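Enquirer: I would like the atomic coordinates for the input below:
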Amino acid sequence: MAFKTNIPEVYASLGSAYQQKREYKLAFNFYLKALELRPNIPKVYKNIGYIYREVGAYNDSIKYYQKYLAFDLKNSDAYLNIGISLINAEQYDNAIGYLNNALSLNAADSVVWYNLGIGFEKKKLFDKAIECYSKKIELNPMDAEAYNNRGVIF
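Expert: Modelled structure (predicted):
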């Protein structure tokens, strides 16, 4: 880092900019600096969780998403992101639990329905997966992936 500041939001913003460019190592380092200066920035934990998920470090992703969740236990986005990482880590039962928690907070979130469908499909619970994909389609009829996933099961 070529400059110094004691403002954590500056580092968090730089981390976000590099994350958008998919330069994850730089983004990660800026996020860590932001947390070093102020360890209570929920979005930074979320973004680090995302980076870890993108590079396939699912357990680390889950760890950071859980820290993100700890700031607000009614955060459906945190439950969703943990659920997605758990699916990627092939921990389907746990994923379904987290995704159900997300639905209990926001039943109209079509992304949660879609990922819950994936979890059920991976467990070969095809009737439940079809129900979830159908709900996703009901909430977002333009989602081609949900149609595709549901069609593959049929």
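
Enquirer: what is the mean pLDDT for the helix or strand in which Trp113 is found?
Expert: Taking DSSP states H and E as the criterion, Trp113 maps to helix 110-122. In this model, helix 110-122 has a mean pLDDT of 97.

Enquirer: What are the buried residues along the lowest-mean-pLDDT helix or strand in the chain?
Expert: Every helix and strand of the chain was ranked by mean pLDDT, DSSP states H and E. The lowest is helix 144-153, at a mean of 86. Using 16 or more other Cβ atoms under 10 Å as the test for burial, helix 144-153 gives 146, 149-150. In short, each C-beta sits where N, CA and C put it, glycine included.

Enquirer: For the protein, give me the ranges with low pLDDT.
Expert: 1-3 (pLDDT under 70).

Enquirer: all helices of it, in order?
Expert: 8-20, 24-37, 42-54, 58-70, 76-88, 92-105, 110-122, 126-139, 144-153 (DSSP state H).

Enquirer: between the second one and helix 42-54, how many degrees?
Expert: Taking axes from the mean of the first three to the mean of the last three Cα atoms, to 10 degrees, one finds that helix 24-37 is oriented at 150 degrees with respect to helix 42-54.

Enquirer: picking up where we left off before, show me what the least confident helix or strand of the chain is packed up against.
Expert: Applying 3 or more Cβ pairs under 8 Å, 6 or more residues apart in numbering; DSSP states H and E, one finds that helix 144-153 contacts helix 110-122, helix 126-139.

Enquirer: starting at the chain centroid, how far to the shortest one?
Expert: Relative to its chain's centre, helix 110-122 lies at 13 Å (Cα atoms, centre = their mean, to the nearest Å).
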